[in-house]
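Colleague: Here's my sequence, what's the structure:
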Amino acid sequence: MDRVQDRVAGEARRMARPTWKDPRLLIGILMVLASCVGVIALTSTLDKTVPMYVAKADISLGEELTAEKLSVANVKLDALGERYVAADPKILSGHRANALIRAGELIPSSAIGLQDGTNRRPVSVNLSDALPAAITAGSHVDVWVSSKDREANAFAAPTLLLPAAEVTYRAERPTGFGGTAGTVVELLVVDASLADLLEAMANDARITVVFNPAASS
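Modeller: Sure, this is the predicted structure:
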């Protein structure tokens with residue numbers, strides 16, 4: 001009889017409503033809290049975005065960068081964040097664009113020039129040949145120069161003068177008879193290479209531009 005009573009009492013204790021002092025209830029609560037904290041931490045890590053500047057409209061070479069010309073977007077860049085300009089007005093103060101920035105694009109850190117905007121200068125180059133359609137404003141080209149040998153009435157072997165120069169403008173030169181007489185391109189040239197390019201142009205060297213897909217991407 002005593003055994004039956006002890007069994008009944010044990011089952012009653014197991015079926016009784018747990019109290020705050022019950023260690024099983026405390027362990028369950030701790031497990032639920034730990035799970036919630038883990039989910040929140042994982043979600044915040046996966047959704048870590050930072051505010052970055054985006055161009056509202058096309059920003060041309062030499063144009064002053066102001067907050068009015070930019071909008072702010074929260075984007076996830078991870079390790080690429082250092083390549084673009086964070087939304088901080090202090091970063092833009094007094095700076096100008098040293099490259100063409102298209103509307104809707106993030107502002108590359110490399111596009112912020114010196115405060116006087118003179119680290120790259122636009123130079124118009126007349127070319128006798130037509131250019132591939134891939135060469136447009138914003139693309140990059142390699143500029144090759146062949147010096148003219150006036151005595152031999154020929155051109156020397158071409159040499160690479162400007163690797164990956166950025167194009168800011170191109171236009172076909174009309175002949176007046178419905179055809180084209182070549183192409184005009186505007187290139188951004190660093191100061192260190194400016195004199196060599198101007199010398200080549202002044203001495204009637206043959207200038208050839210070749211599309212550089214790697215730099216353009």
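
Colleague: Can you tell me how far the residue most central in space within the chain is from residue 122?
Modeller: Nearest residue to the geometric centre of the chain (Cα atoms, centre = their mean): residue 108, 4.7 Å. Distance of residue 108 to residue 122, given as Cβ to Cβ, to the nearest Å: 18 Å. The C-beta positions use only the backbone N, C-alpha and C, and glycine is treated the same way.

Colleague: got it, and residue 142?
Modeller: Residue 142 is 18 Å from residue 122, by Cβ to Cβ.

Colleague: With residue 168 instead?
Modeller: Residue 168 is 6 Å from residue 122, by Cβ to Cβ.

Colleague: Helices along this structure, start to end?
Modeller: 2-15, 23-46, 89-92, 191-202, 213-216 (DSSP state H).

Colleague: And those, which one averages the lowest pLDDT?
Modeller: Here the lowest mean pLDDT among the helices of the chain goes to helix 2-15, at a mean of 53.

Colleague: ok, back up a step: you'd agree the residue nearest to the centre of the chain is up against residue 77?
Modeller: No. Here residue 108 lies out of contact with residue 77, judged by Cβ atoms under 8 Å, at a distance of 11.8 Å.

Colleague: Which residues are in contact with each of these two?
Modeller: 83, 84 (Cβ atoms under 8 Å, 6 or more residues apart in numbering).

Colleague: Specify the residue ranges that define each domain of the protein.
Modeller: 50-111, 120-216 (automatic domain parsing).
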